[in-house]
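Enquirer: build me a model from this:
(2 chains, ligands or ions: 2)
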Amino acid sequence: MEAKVIHLTVNGRAHRALVEPNLSLLHVLRELLGYTDVKNGCEKGDCGACTVILNGKAVNSCLVLAWQAEGAVVVTDTGLGTLEHPHPVQEAFADLGAAQCGYCTPGMVVSAKALLDENPHPSEAEIREALSGNLCRCTGYGQIVHAVQLAAEKMVTAESAENAEEKTR
Amino acid sequence: MKITAKPLPSVELPELRQVGKPLRRVDALSKTVGATLYAGDYYPTNLLYGKVFRSTIPHGKIRRLDVSQARALEGVACVLTAGDLPRAVLVTDMPGQTGQKRRSGSDAQVLATDTVRFIGEPIALVAAETEALAEQALRLIEIEYDPLPAVFDPLEAMQPGAPQIYPPDNVVARWRIRKGDVAAGMAAADVIVENTFSVPYQEHAYLEPEAGVSWVDERGVINIRVCTQVVEHFRSISLALGVPQNKLRIQGTMVGGGFGGKEDITVEIFLGLLAKATGRPVRLAFSREESILAHSKRHPYVITHRTGVTRDGHITAAEVKVISNSGAYVYLSPYVLLYSTGMAVGPYRVENVSVSSASVATNNPFTSAFRGFGAPQVCVAYEQQMDEIARAIGMDPYELRRRNFIHKGDLTIHGQELTSAAWLEETTTRAVAALGDPTPDWGSFKVGQGFASYMQSYGRITWLHDTSQAWVGLEMDGTATIRAGVPDLGAGQISALAQIVSEVLGVAMKDITIYHTDSAVTPLSGTSTATRQLYMSGNATLQAATAIRKNLLERASRYFEELPEAIDLADARAFVKGHPEQSLRLAELVAMCASEGLPLANLAMFKAPFTGPIDPETGQGQIWPDFTFGAQAVEVAVDTETGEILLLKSAACHDVGRAINPAAVEGQIQGGSSQGLGYALMEDLAVEQGRIKAGSLSEYLIPTACDFPETQVIILESGTGVGPFGAKGIGEPSFTPAPGAVANAVANALGVRIHELPLTPDRVLAALDKTGKRSG
Ligand code: FES
Ligand code: FES
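Expert: Ligands and ions are numbered 1, 2, ... in the order given. Sure thing, here's the model as predicted:
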């Protein structure tokens, strides 16, 4: 089969890329489009370092064929926040020592963000379950779990503050 | 086990402003927002892609190697074999910033010349326009072998007539300790306890597979951007490339996990060769499978203890035999073995000791550094032996240890005096007490508790004459810059330096920029290994910052008309102590110093103690700068129907001397614990006939977020370490007691001991069958 042009929206930016049929979304994001925050830890679906949010769901991008993602909306870690304006999950990870070497971190942050979108008040067991596909060799996961709990608290507080503001308007 | 925490001796640690606080690390936010660029994240233009052609047999002569078709493939820029290299020498011995130490016989081949000795040994290199073309070129390389007899078991490899990998007897290193009179000590014993324990391979499984990119710059310097624990490898690489040392630059990156696996040379030597051969930028990144095949492993060991003890729990003699499997090449096996030898009896005072150890070559994957460097393996053995001795004489396992613990001022078995606090009772009682009452047995589950105490060195072997350099400078706006060769593996190596500078110069962490791990622009700081960076580079940074502080205080003392001792620096200001209204912005003080030509930058070198080698016959002499002490305790439940083991509780207590950043210390302890628990309970590389059976992350299972509960961390601070502000090292020691604690807990649950790790369900069921305790 010939290569074909596919369309992706990544972190709000529209992209077109000429893609061979056998290439993974991970390959296209990293090597063709330059999203090197999406990490390659195994290319087999075993480690979660390549996790992105694809049309609202956290997936291992190494297991998705790029052609299947035609027209998709993709969010990677760099799409969630920046050094100046980090996302609450990114901030909590930094504050609580949840990133050591940091190689698992972009995937871990993305999985945590997807969890909190679905379940703003996760229990510890639910957090561990949601992150069980993201391997981390450095932290032993304790500080990561605490960071997700802290982010959840902060996000809920921020949201209720926003709601209160809206009501008074 | 009912134990209450032993009260701590009174320690007066000064309250500091930055040091001792769980501050956000300087590298943290960049990592969490995905801004940090790792070694595999650079894609320069005009790039070539490198690949490695590897041996598929464990031992053989290369009869025919034909790369002509690969070379002829369009899009292939070069194919290199051993014959194309100027010098095919791969230095595997200890790199050092004060001069490479190379034991004779420790060099290996960069690419196999005529013999391959393990599966995965590199034979040829390819660089091509795309990764797919490079892979295609690998498939076009033709090779034929004459297989040679292979040997995989170190005990067999030592026998006369075994296949020779390392002539004459495959023994790559031996050490011995002889102290006191073992025969007399054994004769004085009431009971002699003998056991043999074995521990397996362990794969580092860092999340970042080895990667890098190389190019030749406008000066003719070969640049290699790579994830490495050792910038100083540029010296050995220049040797292999046949270029002067100042024509080879290692630009380290943030390392996506090292744990010892990026201590030896990995991709960087291939990158250098390919860039030199092609004159173009080259990228080389291992897949996960290639990473597992290509880099070192933790050494498997077989350790036999014979211990004499009196009825009242006094150890009268210890005889220990230690054998490690070095795999096909030497690498750091001799030094790893030295660590195992020096710590073979653990944190106990034993007057009559004999330790005999050997590391033996086989046609297995090669073994080298892994967090703990030979200390965890012997801890698994000596702590199980202590429990077995306690059982033999009917004594409580803690009480037996307490009666034999080594103390400050005592001599180790290698005759080195302990000069810092040895808080073994303090740490062990706290770890055990933290478990609380045992969970009752339920259904087919039997619950057990166990613990392990340890001592472990930090800092390099003192006869290697270790040094570290760091440069600190103040800018005119009052911000600070640090330059230090330190590789950062994720343990917070560089952030600790910033925290020290912040303390000494009163500059906020956010106003400090650090350049690090670059052989061209940062002064060499030595390796990020041996739990040495905080000790060595922390002290060098402290020295440099203190020298600048002295100049600032001297100038400020003239300004305030006060003695220098009356002035302090904090929050970007200089002020008179007790009179904060008398203050000056740091930037103004810097300007005053600059206008008088007072130095605002300093390059400092810190030297560890330099000693001579130990006595080769008796093993007596100083080996390490200092030691860390601690313990871990765990509770497990073993399913006597299925053999499955659940970890219910875990608590670790270590005396870290002084926690520069308690959050980072806690992270080290939790991470080390998790790797140690994984080693005991689940990690199994399954090496058969030299072939790794668990060669991917779906087969080699490491702990996930769901496998273990969090380890409760208890940090003690005796303030007595030789690191900055009294710090000791914790990076590697955090691993050491975990696996032995698990082994003891499982034996406690089952009433029978399994002498081999990992504690798989099969082994549990076999042990239960033997004793008729299997249920169901
Ligand atoms: S790289 Fe996709 S799961 Fe590991
Ligand atoms: S922080 Fe290193 S793998 Fe998670």
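Enquirer: surely residue B:530 meets residue B:460?
Expert: Yes: Residue B:530 lies in contact with residue B:460 (C-beta atoms under 8 Å); the separation is 4.7 Å. C-beta here means a position set from N, CA and C on the backbone, and glycine is covered the same way.
Enquirer: quick one: which of those two has more around it?
Expert: residue B:530 (28 against 25; other C-beta atoms under 10 Å in any protein chain shown).
Enquirer: list the contacts of the helix or strand hosting residue B:269.
Expert: Applying DSSP states H and E as the criterion places residue B:269 in helix B:268-278. Contacts to helix B:268-278, defined as C-beta atoms under 8 Å, 6 or more residues apart in numbering or on different chains, come from residues B:48, B:50, B:52, B:77-78, B:80, B:84-85, B:90, B:110, B:122, B:125, B:127, B:212-216, B:222-224, B:226, B:228, B:233, B:236-237, B:240-241, B:243, B:248, B:250, B:281-282, B:284.
Enquirer: just stretch B:18-26 next, same as before
Expert: Residues outside stretch B:18-26 that contact it (C-beta under 8 Å, 6+ apart): A:94-95, A:97, B:13, B:492, B:494-495, B:498-500, B:502-503, B:509, B:512, B:514, B:658-664, B:724-725.
Enquirer: any bit of whichever helix in chain A runs longest sitting next to chain B?
Expert: In chain A, assigned by DSSP state H, the helix with the most residues is helix A:142-168. Yes: judged by C-beta under 8 Å from any C-beta of the partner chain, helix A:142-168 and chain B are in contact via A:142, A:143, A:144, A:145.
Enquirer: ok, and the most crowded of the residues you listed?
Expert: Counting by other C-beta under 10 Å, top hit in these: residue A:144 with 31 neighbours.
Enquirer: report pLDDT for it.
Expert: Residue A:144 carries a pLDDT score of 98 in this model.
Enquirer: what helices or strands is the least confident helix or strand in chain B by mean pLDDT leaning on?
Expert: Least confident helix or strand, chain B: strand B:89-90 with a mean of 92, by mean pLDDT, DSSP states H and E. On a contact count with 3 or more C-beta pairs under 8 Å, 6 or more residues apart in numbering or on different chains; DSSP states H and E, strand B:89-90 meets strand B:108-109, helix B:234-241.
Enquirer: quick check: domain ranges of chain A?
Expert: A:4-79, A:88-162 (automatic domain parsing).
Enquirer: quick one: distance of the last one to the chain centre.
Expert: Pointing back at domain A:88-162 there. In terms of C-alpha atoms, centre = their mean, to the nearest Å, the centre of domain A:88-162 is set 11 Å apart from its chain centre.
Enquirer: now the end-to-end length of that domain.
Expert: This stretch, domain A:88-162, spans 15 Å end to end (C-alpha to C-alpha, to the nearest Å).
Enquirer: one more: the first one?
Expert: Using C-alpha to C-alpha, the gap from the first to the last residue of domain A:4-79 comes to 26 Å.
Enquirer: what mean pLDDT does it get?
Expert: The model assigns domain A:4-79 a mean pLDDT of 97.
Enquirer: for residue 59, give me its contacts.
Expert: Using chain A. Contacts of residue A:59 by C-beta under 8 Å, 6+ apart are A:51, A:52, A:53.
Enquirer: my bad, the chain I had in mind was chain B
Expert: Residue B:59 neighbours (C-beta under 8 Å, 6+ apart): B:115, B:116, B:117, B:118, B:147, B:148, B:149, B:150, B:163, B:165, B:363, B:690.
Enquirer: ok, it to ligand 1 distance?
Expert: 33 Å (C-beta to the nearest ligand atom, to the nearest Å).
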